[in-house]
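# Below: sequence and its predicted model.
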Amino acid sequence: MIKPGPRNLITDVAGLRVGNAQDERIRTGVTALIGDAPLVAAVDVRGGAPGTRDVEALDPVSLVERGDAIVLSGGSAFGLDAVSGVQAWLRRQGRGFEIAPGTPLVPIASGVILFDLNNGGDKNWGDHPPYRDLGLAAAENAGPDFALGNAGAGLGARAGIYKGGLGSVSAVTPDGVTIGALAAVNSVGSPVIPGTDVFWAFPFERGREYGGRRLPPGFSPVDLDLPADLKGSPQPGANTTIAVIATDASLSRVELKRLAIMAADGFARALRPVHTPFDGDIVFAVSTERRAIAEPRALSVLRLGSIAADCLSRAIARGVYEAETLGAMKSYRDMFAHGAAQPRR
């Protein structure tokens, strides 16, 4: 049986650390995933309005085979500067890619952003956006344990009409392979089945990691149009769910690309609608290469990709469940009375 790891976090994949940094006044933050050693990595982009930095370096045809960190940030395009802060920290550690003998090492960090500029925080930062400093602080805070919900890149997020947040889970297979997921949820779509307080991702829940809500016997969703609790008046580039899948299975970049593609189905299992023109949905896939996979390799990738998609859907629901009300953005738990079928707005 597949079970969560001891922390039920992406850091159950040995060799990974995650750090958060946030600014409550601005209502934004950064989350950095850092490998103890360079990580094999790939990426899959599904949304129609992505914001990225240095993701092309993860293409299997590119020169650089491994990266040091993945950075998730609020702040829209301003947040891409968070990568610079993480790179500064990595350089202090002597990390990076050697382009030529005698030249400075270049830390390889890829970044992706979500839009949280309209959440009521004070965005009057003048000529000095906070994201480089937040990226540096997130890297300095990185460890095996980290906060969920209103933390890091999830601080200023919103999922449909619900307060969004940072979520993470893990899964360990009977043969010892670990898969983990990390997601900052800021979607146009809703994570909740219409007319209920049940997450779309409920079939994949382990224990009560996002409340244990289940559909009543005989219930069938009848709202076949767009759900009423999606984010109002969506705008291009103003949303996005950004995520990382990690494993200790030793996969090539091509295999990780397939893992990322399969894992992206976890978005569709947890949010409705998904991959819209207004979202920049992205999932990275990374490997610490600590465990060999069984032959035939394609069958092992198939299995891991299926598990990864389930993990991503769980991480999305957990991020929303763990979030707390922030200003006008009400949390899932505050919007529903226990057992209520309609949100308290």
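Happy to help now that I have it.

# for the stretch 1-150 of the chain, what are the low-confidence residue spans?
Within the stretch 1-150 of the chain, no stretch has pLDDT under 70.

# Select the longest strand from the protein.
Longest strand in the chain, counting residues (DSSP state E): strand 28-45.

# ok, it: who's next to it in the sheet?
strand 16-23 (antiparallel), strand 66-73 (antiparallel), strand 282-291 (antiparallel) (DSSP bridges).

# Mean neighbour count, these: which tops it?
strand 66-73 (a mean of 28; mean count of other Cβ atoms under 10 Å). (Glycine included, C-beta is placed from N, CA and C.)

# Just give me how far it sits from the chain centre.
Relative to its chain's centre, strand 66-73 lies at 12 Å (Cα atoms, centre = their mean, to the nearest Å).

# so Ala317, which of the three states?
Under DSSP: H, G, I helix; E, B strand; the rest coil, the three-state class of Ala317 is helix.

# count of neighbours near it?
Close neighbours of Ala317, defined as other Cβ atoms under 10 Å, add up to 32.

# go on, Ile261?
Residues near Ile261, counting by other Cβ under 10 Å: 18.

# I'd guessed it sits against Asp44; true?
Yes: counting by Cβ atoms under 8 Å, Asp44 is a contact partner of Ile261 at 4.9 Å.

# if I've got this straight, Leu299 is in a helix?
Yes: assigned with three-state DSSP, Leu299 falls within a helix.

# what's the distance between it and Gly305?
Distance, Leu299 to Gly305, using Cβ to Cβ, to the nearest Å: 11 Å.

# How about Asn186?
In this view, Asn186 and Gly305 are 24 Å apart by Cβ to Cβ.

# Ala298 too?
Counting by Cβ to Cβ, the gap from Ala298 to Gly305 is 10 Å.

# So for the two, which residue has more residues nearby?
In this view Ala298 and Gly305 are compared by other Cβ under 10 Å, and Gly305 has more residues nearby, 22 against 10.

# So the more buried one sits against Ala264, correct?
No: judged on Cβ under 8 Å, Gly305 makes no contact with Ala264 at a distance of 9.7 Å.

# Show the residue spans covered by the strands in this structure.
Ranges of strands within the chain are 16-23, 28-45, 52-53, 66-73, 109-113, 158-159, 162-163, 166-172, 178-185, 241-249, 282-291, based on DSSP E.

# ends of stretch 144-155, how far apart?
Distance between the two ends of stretch 144-155: 20 Å, counting by Cα to Cα, to the nearest Å.

# So which bits of it are buried?
Within stretch 144-155, the residues that count as buried by 16 or more other Cβ atoms under 10 Å are 146-155.

# got it, and stretch 268-277?
By 16+ other Cβ under 10 Å, the buried positions in stretch 268-277 come out as 268-276.

# Compute the first-to-last residue distance for it.
For stretch 268-277, the end-to-end distance is 15 Å (Cα to Cα).

# Please report the distance of the residue in the chain sticking out farthest from the centre from Gly120.
Among residues of the chain, the one most distant from the C-alpha centroid is Gly102; the distance is 36.6 Å, by Cα atoms, centre = their mean. Distance, Gly102 to Gly120, using Cβ to Cβ: 50 Å.

# And Gly319, by the same measure?
20 Å.

# could you measure Pro50 against Ile99, distance?
27 Å.

# can you check Asn119 too?
40 Å.

# Give me the more crowded residue out of the two.
Higher neighbour count among Asn119 and Ile99: Asn119, with 22 against 12, using other Cβ under 10 Å.

# List the single closest residue to that one in space, sequence neighbours excluded.
Distances taken as Cβ to Cβ, 6 or more residues apart in numbering place Gly156 nearest to Asn119, at 4.6 Å, with adjacent residues excluded.

# Over to Asp116?
Nearest non-adjacent residue to Asp116, counting by Cβ to Cβ, 6+ apart: Gly156, 3.3 Å away.

# so the one you found touches Glu24, yeah?
No: between Gly156 and Glu24 there is no contact under Cβ under 8 Å: 9.8 Å.
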